[in-house]
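S.K.: pasting the sequence and the predicted coordinates here, then a few questions.
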Amino acid sequence: MDYQHRKGYNGGAAQPARATFLRWLQRNGILMQLIMLLIVVMVFIPLVTHYYLSNAELPATSRRSQPQQLSLENLQAMKPQELKARLEELYRIRSSVQQELLGLEARRKDMQNQIDEYSALIAQRQRENKESQSTLDKVNFEIVQKRKSYEEVIQRSMLHIGAPKQILPQLDDNVDVEPPQASAQCRQHNCFDYSRCSLTSHFPVYIYASEDVTLSKQPLDAFVRTSVANVMTTNPHVTFDPNIACVYLVLIGDTADHWQSASSLELETSLRKLPLWKGDGRNHVLLNLARNVSATNVLYGMNTDRAILVQSNFDAAQFRPGFDIVAPMLLGKEASFDWKETPPLVPAKRKYLLSFQGILSPYASKQSNHGHANVENVMMSRRLKDSNRTQVNSVSDFIQEELHKLKSLQVDNFYIEFKCPPLNADPASVDLSEWWICRTKDRLAILKQSTYALIIGPDEHIVSSTMLQMRLYEALKHGAIPVILGEHVELPFGEFIQWRKAAIILPKARASELYFYLKTIQDNDIVKLRGQGWFVWTTYLSSAKAVLDTILATLRTRLNIPASIMPAEQSVNLFPGGAPLKQKRAQGMMPESDDFFPPPEIPFPSPKFLRNFTYSTIDRDVNWNTAPGPFKLFPNTPFDPVLPSDAKFIGSGLGFRPIGKGSGGTGKEFQEALGGNIPGEQFTIIILTYERDALLMTSLERLMGLPYLNKVIVVWNSPKPAAADIIWPEIHVPIKVVRTKKNSLNNRFLPYDEIETEAILSLDDDAHLRHDEILFGFRVWRENRDQIVGFPGRYHAWDVNLNNGFLYNSNYSCELSMVLTGAAFIHKYYAYLYSYVMPQVIRDKVDEYMNCEDIAMNFLVSHITRKPPVKVTSRWTFRCPSCPEALSQDDSHFKERHRCIQFFNQVYGYIPLLYTQFRVDSVLFKTRVPHDKQKCFKFV
């Protein structure tokens with residue numbers, strides 16, 4: 001209570017106040033009525049006002065059109081006129097609503113069209129902005145590349161070393177150079193006059209005409225005389241001006257009467273009377289070429305001063321290593337050999353493991369020992385130590401005894417014969433220690449059936465003889481691997497030919513171990529030895545031209561003078577003015593992928609003839625012992641040495657374009673530079689076409705904007721001129737149209753002088769390749785320059801039905817051995833080999849069938865490299881349903897290709913094609929990469 005009182009609680013007083021107010025109202029009734037009326041008015045007037053105002057905002061037509069809720073009974077009760085009026089009113093309402101909806105839809109469409117236009121405009125502006133940025137990036141990139149190229153041009157010009165001027169000696173230059181004390185002491189460094197042979201002299205050679213110089217009463221052999229004359233007139237080194245000559249050739253043999261040679265004294269006197277002898281015969285080369293085994297060593301014991309001796313017979317005391325030249329006999333034709341003589345390389349092992357036919361000293365009383373007594377009394381130390389074996393009296397007896405033991409073996413077949421009629425020869429010209437060749441009809445047939453052919457060298461005082469040279473020639477020609485007993489023997493051109501790659505050379509003391517040694521040689525080594533022997537025979541021994549060219553090549557290589565340049569094929573333009581009459585600038589073609597591609601470069605050629613002198617020094621052994629030999633100098637080869645990776649950053653960066661300046665990269669960084677291990681370069685496209693003009697124009701337009709393209713060469717195989725109404729596309733590089741001499745598929749591989757790059761992309765006119773595919777193939781080729789790199793793969797398959805050889809096959813397979821050259825990269829070096837080195841019969845067969853040029857190129861490259869081709873991307877073939885009919889659609893196409901493989905097999909002696917079981921894709925192909933990285937190529 002105190003709390004309520006303190007707070008002023010007054011609740012009890014309120015009730016009396018309300019009661020008092022009610023009583024007041026009751027006493028004033030009129031006032032209460034007024035108050036009630038006022039409350040009603042204040043409530044209902046706003047409601048009525050709101051109702052009328054709401055109806056007033058609606059159109060009159062809307063108020064009239066509001067139908068009352070009609071029931072089925074009301075409709076039945078209506079009169080027809082009322083019902084008709086009601087329906088007409090409803091139709092008007094619907095029509096009005098439809099018009100309003102159509103208007104709204106039209107406005108919506110207009111607004112949507114405006115939105116689409118603005119969206120397209122925004123997208124276009126975005127694309128233009130992107131393209132402008134891309135163009136700006138390309139321009140900046142191109143500026144950087146141009147600046148880099150300019151710096152490299154300046155650097156190359158500063159590093160260029162001009163060749164020394166040609167040194168031309170005078171004929172009356174009779175400077176007396178002190179010779180060695182004796183002619184036998186002559187070597188290249190002390191008896192040859194280098195002043196007449198500058199490095200840039202091109203090695204001029206002068207030959208004395210046989211009809212102008214008479215050295216002996218004995219006439220020269222007709223074949224030798226005419227062969228030398230004919231060969232020398234076509235040799236690029238021969239000159240008719242003795243003033244500029246480096247060496248002078250003198251033909252002194254073989255004589256027509258092989259049994260009667262020229263007198264040594266008479267010959268020596270005649271040589272000193274030669275107009276260019278100059279008292280000591282400097283730089284003279286005496287050619288004593290043997291045609292018959294009876295050819296005598298007429299120069300033995302004669303003072304030849306400083307002249308170089310070239311012959312087949314050499315005494316050990318006479319031969320001067322590194323100065324004189326051991327030459328083979330002229331046993332072949334003048335200038336060529338028949339490809340049908342090619343021995344098959346397989347089977348590796350033939351009927352006879354080893355064969356030998358010979359007889360020792362059949363005319364002992366008439367034979368000469370050149371003053372060497374008791375030449376057969378040299379005993380073998382290992383035989384003297386073995387007291388359990390029968391004592392032999394000579395090396396020859398020992399060898400015969402061991403060969404007789406081989407004949408008794410039952411495991412392998414041997415053909416050993418010591419009793420036979422000797423070859424018809426002058427006994428006085430053959431040394432006592434010489435094994436005579438048998439004059440039997442089956443001698444050559446036995447060699448064709450022999451894996452190895454035994455050649456027993458004469459005694460050590462004879463380093464070379466006609467008997468030995470003839471045995472060697474016949475063995476190599478028929479595919480029998482020479483087994484030479486006698487390490488002292490000097491073989492033909494042994495200064496540069498690595499004979500141990502083509503023959504087995506053993507000391508005579510190994511005769512007892514010969515069988516064991518031969519049995520350890522496996523089939524792959526046998527085939528390799530036989531193949532190398534065939535190369536040596538065809539290149540250096542097979543004809544008089546081969547022998548004479550090799551003699552000059554030996555002299556030239558000693559002097560480090562480059563060979564003559566391999567000529568290029570002259571390009572004859574189809575258009576007299578050099579360009580088509582009608583041209584139209586091709587539009588920028590889409591590269592068919594959204595990869596970043598660098599802008600096209602200004603065409604520049606590949607450097608050439610950079611290794612003129614090192615080619616004949618550093619690569620001397622390789623050049624002499626691999627095809628095509630040392631006779632020609634090529635502008636480039638695919639075998640040039642490659643710099644290590646750090647060299648491009650330390651002193652040798654000329655021409656290199658490392659990826660990301662050396663830091664690597666993907667996507668854009670990768671596409672901006674070629675990278676790799678080789679300086680930057682470009683490629684030339686060769687398109688072979690025949691009367692498919694529209695297809696050709698489409699193919700040319702497709703090349704617009706292709707990076708790294710240097711030039712396009714169209715080989716016009718048709719005899720008809722190009723139609724005047726053809727509009728040729730004008731792209732970013734020159735297009736050269738070459739007129740051919742005849743319609744031949746071989747024209748595809750002619751080394752035209754218009755080709756200024758090492759890389760050639762050979763294309764058919766119906767081959768459709770995307771830019772990214774071409775660029776990827778080019779990058780792969782740069783790392784495999786010695787191989788064919790291309791797209792459509794094929795293979796050779798064994799004929800399992802007839803079991804008689806290989807057939808051409810284009811089915812899908814997990815291994816392939818050929819890449820069709822209708823879309824493939826090759827090195828220009830192989831164009832030279834195909835056109836000028838490969839046997840002519842192969843090109844003739846291509847012309848005969850109008851087919852197989854791609855197979856021939858695959859055979860050639862695999863033969864040279866012993867490697868298979870490289871296939872890139874998943875392309876297996878090119879399908880062009882709208883293209884005109886091609887040669888490959890003929891039913892006989894595959895049959896001809898079967899026959900081509902079998903024919904090429906006969907020419908080469910084996911199938912050089914090798915299988916490969918992989919193809920090449922880009923590094924990051926099908927690899928998941930982070931979102932901030934790009935692949936090298938998106939589709940390859």
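M.R.: Perfect, thanks for sending it.
S.K.: stretch 803-821: end-to-end distance?
M.R.: 29 Å (CA to CA, to the nearest Å).
S.K.: other residues contacting that stretch?
M.R.: 748-749, 762, 788-799, 853-855, 857-858, 862, 868-871, 876-877, 894, 897-898, 900-902, 905, 911, 913-917 (CB atoms under 8 Å, 6 or more residues apart in numbering). The way it works is simple: take the backbone N, C-alpha and C, and place the C-beta from them, glycine included.
S.K.: just the ones of these in helices?
M.R.: 853-855, 857-858, 862, 894, 897-898, 900-902, 905 (DSSP state H).
S.K.: can you name the next helix or strand after the helix or strand containing residue 110?
M.R.: Assigned by DSSP states H and E, residue 110 belongs to helix 80-159. Where DSSP H and E defines the elements, the next helix or strand beyond helix 80-159 is helix 188-191.
S.K.: tally of neighbours for the closest residue to residue 683 other than its chain neighbours?
M.R.: Distances taken as CB to CB, 6 or more residues apart in numbering put residue 759 closest to residue 683, at 3.7 Å, once the chain neighbours are dropped. Residue 759 has 24 neighbours, counted by other CB atoms under 10 Å.
S.K.: and the gap between residue 759 and residue 685?
M.R.: 10 Å (CB to CB, to the nearest Å).
S.K.: equivalent analysis for residue 398, please.
M.R.: Counting by CB to CB, the gap from residue 398 to residue 685 is 67 Å.
S.K.: now residue 145
M.R.: For residue 145 relative to residue 685 (CB to CB), the value is 21 Å.
S.K.: could you do residue 450 as well?
M.R.: Counting by CB to CB, the gap from residue 450 to residue 685 is 50 Å.
S.K.: quick one, strands of the stretch 301-450 of the chain?
M.R.: 308-311, 314-315, 325-326, 352-360, 414-417, 435-437, 450-456 (DSSP state E, counting those that start in this stretch).
S.K.: these: which one's closest to residue 235?
M.R.: strand 308-311 (15.2 Å; CB to CB).
S.K.: packing partners for the closest one?
M.R.: strand 284-288, strand 325-326 (3 or more CB pairs under 8 Å, 6 or more residues apart in numbering; DSSP states H and E).
S.K.: before we move on, what SS does residue 584 have?
M.R.: Here residue 584 is recorded as strand under DSSP: H, G, I helix; E, B strand; the rest coil.
S.K.: before we move on, back to that, of residue 145 and residue 685, who's got more company?
M.R.: The neighbour comparison of residue 145 against residue 685 (other CB under 10 Å) goes to residue 685, with 23 against 18.
S.K.: tally of neighbours for the nearest residue to residue 344 once chain neighbours are set aside?
M.R.: Sequence neighbours aside, residue 909 is the residue nearest to residue 344 in space, at 5.3 Å (criterion: CB to CB, 6+ apart). By other CB under 10 Å, the residues close to residue 909 number 19.
S.K.: just the pLDDT for residue 909.
M.R.: Per-residue confidence (pLDDT) for residue 909: 96.
S.K.: for residue 286, see how far away it is.
M.R.: For residue 909, the distance to residue 286 - CB to CB - is 36 Å.
S.K.: repeat that for residue 430.
M.R.: From residue 430 to residue 286 the distance is 22 Å (CB to CB).
S.K.: between those two, which has more neighbouring residues?
M.R.: residue 430 (28 against 24).
S.K.: does that one touch residue 467 like I think?
M.R.: Yes - at 6.5 Å, residue 430 and residue 467 qualify as touching, with contact defined as CB atoms under 8 Å.
S.K.: and the residue lying closest to residue 898 once chain neighbours are set aside, which of the three is it?
M.R.: Nearest residue to residue 898 in three dimensions, chain neighbours excluded: residue 807, at 4.8 Å (CB to CB, 6+ apart). Here residue 807 is recorded as strand under three-state DSSP.
S.K.: what does residue 531 give?
M.R.: helix.
S.K.: swap in residue 710?
M.R.: Per three-state DSSP, residue 710 ends up strand.
S.K.: surely it touches residue 758?
M.R.: No - counting by CB under 8 Å, residue 710 does not reach residue 758; the two are 10.3 Å apart.
S.K.: higher neighbour count, those two?
M.R.: Of the pair residue 710 and residue 758, residue 758 is the one with more neighbours under other CB under 10 Å, namely 26 against 22.
S.K.: tell me who's in contact with that one.
M.R.: 606, 636, 638, 681, 785, 827-829.
S.K.: cool, residue 215 as well?
M.R.: Neighbours of residue 215 in contact, by CB under 8 Å, 6+ apart: 250, 252, 262, 266-267, 270-271.
S.K.: now list the buried members of the residues you listed.
M.R.: Among these, those classed as buried by 16 or more other CB atoms under 10 Å are 250, 252, 262, 267, 270-271.
S.K.: which of the residues you listed lies closest to residue 615?
M.R.: Nearest member of the buried ones among the contacts of residue 215 to residue 615, counting by CB to CB, is residue 250, at 30.0 Å.
S.K.: now for the helix or strand containing the closest one, which elements pack on it?
M.R.: Taking DSSP H and E as the criterion, residue 250 maps to strand 247-253. Packing contacts for strand 247-253, counted by 3+ CB pairs under 8 Å, 6+ apart, involve strand 205-207, helix 222-234, strand 284-288.
S.K.: so for the longest one, mean pLDDT?
M.R.: This points to helix 222-234. 91.
S.K.: pull out the buried residues from that helix.
M.R.: 223-225, 227-228, 231-232.
S.K.: what does the last one give?
M.R.: For strand 284-288, the buried set under the neighbour-count rule, 16+ other CB under 10 Å, comprises 284-288.
S.K.: now those residues in a markdown table, with pLDDT and distance to residue 435?
M.R.: Supplementary listing: those in a markdown table, determined by pLDDT from 0 to 100; distance: CB to CB, whole Å:
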| residue | pLDDT | distance to residue 435 |
| --- | --- | --- |
| 284 | 96 | 34 |
| 285 | 97 | 30 |
| 286 | 96 | 28 |
| 287 | 95 | 27 |
| 288 | 93 | 23 |
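S.K.: in JSON lines, list the residues you listed along with distance to residue 592.
M.R.: Shown next, in JSON lines, are those (distance: CB to CB, whole Å):
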{"residue": "284", "distance to residue 592": "68"}
{"residue": "285", "distance to residue 592": "63"}
{"residue": "286", "distance to residue 592": "68"}
{"residue": "287", "distance to residue 592": "64"}
{"residue": "288", "distance to residue 592": "69"}
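S.K.: between the residues you listed, which sits nearest residue 33?
M.R.: residue 285 (159.9 Å).
S.K.: quick one: that closest one and residue 558 touch, right?
M.R.: No - the pair residue 285 / residue 558 is not scored as a contact, 11.6 Å apart, by CB under 8 Å.
S.K.: tell me where the stretch 451-600 of the chain has helices.
M.R.: For the stretch 451-600 of the chain, the helices defined by DSSP state H, counting those that start in this stretch cover 466-477, 514-519, 523-536, 544-558.
S.K.: give the buried residues for the third one.
M.R.: Yep, that's helix 523-536 we're talking about. Result for helix 523-536 [16+ other CB under 10 Å]: buried residues 526-536.
S.K.: the second one too?
M.R.: When burial is assessed from 16+ other CB under 10 Å, helix 514-519 yields the following buried residues: 514-515, 518.
S.K.: now stretch 627-647
M.R.: 628-639.
S.K.: make JSON lines out of these and add secondary structure, distance to residue 125 and pLDDT.
M.R.: What follows is the buried residues of stretch 627-647, written out as JSON lines (DSSP: H, G, I helix; E, B strand; the rest coil; distance: CB to CB, whole Å; pLDDT from 0 to 100):
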{"residue": "628", "secondary structure": "coil", "distance to residue 125": "62", "pLDDT": "96"}
{"residue": "629", "secondary structure": "coil", "distance to residue 125": "66", "pLDDT": "96"}
{"residue": "630", "secondary structure": "coil", "distance to residue 125": "66", "pLDDT": "96"}
{"residue": "631", "secondary structure": "coil", "distance to residue 125": "66", "pLDDT": "96"}
{"residue": "632", "secondary structure": "strand", "distance to residue 125": "61", "pLDDT": "95"}
{"residue": "633", "secondary structure": "strand", "distance to residue 125": "60", "pLDDT": "94"}
{"residue": "634", "secondary structure": "coil", "distance to residue 125": "55", "pLDDT": "95"}
{"residue": "635", "secondary structure": "coil", "distance to residue 125": "52", "pLDDT": "93"}
{"residue": "636", "secondary structure": "coil", "distance to residue 125": "50", "pLDDT": "93"}
{"residue": "637", "secondary structure": "coil", "distance to residue 125": "54", "pLDDT": "95"}
{"residue": "638", "secondary structure": "coil", "distance to residue 125": "50", "pLDDT": "96"}
{"residue": "639", "secondary structure": "coil", "distance to residue 125": "54", "pLDDT": "95"}
